[in-house]
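1. quick one: sequence plus predicted model below, questions after.
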Amino acid sequence: MARLSWAVRLERAEKRGKFLAKDYELASSFLTCAVGEKTHGKFHVINDIYKPAYRLGMEFYAKVKDQDIPEAKRIYQLIQELP
């Protein structure tokens, strides 16, 4: 079974009015978070060049954990703008 994209997860969370425990779990790991999805895990985010990506990823996770869907969507859009 294919993993749902974060775009779909955000849409479903918005319709439901909340994130699921699985969303928290996926947002907490680089390989399955929104940044990892965007970059296909091709870089290590601790590298100085990618510190903004790391910061956005941490902010995204915090908003998912806090059930702040509008802010999670806003940060997701910033992640999509990463190179």
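-> Okay, I see it.

2. can you pull out the strands in the protein?
-> For the chain, no strands turn up when DSSP state E is the criterion.

3. longest helix in it, please.
-> helix 51-65 (DSSP state H).

4. which residues touch it?
-> The contact list for helix 51-65 (Cβ atoms under 8 Å, 6 or more residues apart in numbering) reads 19, 23-24, 27-28, 30, 33-36, 39, 43, 45-46, 69, 71-72, 75-76, 78-79, 82. (C-beta placed from N, C-alpha, C; glycine too.)

5. give me the buried subset of those residues.
-> Among those, those classed as buried by 16 or more other Cβ atoms under 10 Å are 19, 23, 27, 30, 33-36, 39, 45, 69, 72, 75-76, 79.

6. okay, now Ser5: neighbour count?
-> 11 (other Cβ atoms under 10 Å).

7. same question for Leu20.
-> 13.

8. likewise for Lys22?
-> Neighbourhood size, Lys22 [other Cβ under 10 Å]: 12.

9. low-confidence ranges, the chain, go.
-> Scanning the chain for pLDDT under 70 picks out 1-2, 41-49.

10. so Trp6 touches Gln77, yeah?
-> No. Contact between Trp6 and Gln77 fails when scored by Cβ atoms under 8 Å: they sit 10.8 Å apart.

11. what distance do you get for the residue nearest the centre of the chain to Arg9?
-> Closest to where the C-alpha atoms of the chain average out (Cα atoms, centre = their mean) is Ala34, at 2.9 Å. Distance, Ala34 to Arg9, using Cβ to Cβ, to the nearest Å: 9 Å.

12. same deal with Tyr50?
-> 23 Å.

13. which one of those two has more residues nearby?
-> Using other Cβ under 10 Å, the more surrounded residue of Tyr50 and Arg9 is Arg9, with 22 against 18.

14. check contacts around that one.
-> By Cβ under 8 Å, 6+ apart, Arg9 lies in contact with Phe19, Asp23, Leu26.

15. tell me the contacts of the first one?
-> If I follow you right, that is Phe19. Contacts of Phe19 by Cβ under 8 Å, 6+ apart are Arg9, Ala13, Val64, Lys65, Gln67, Ile69, Ala72.
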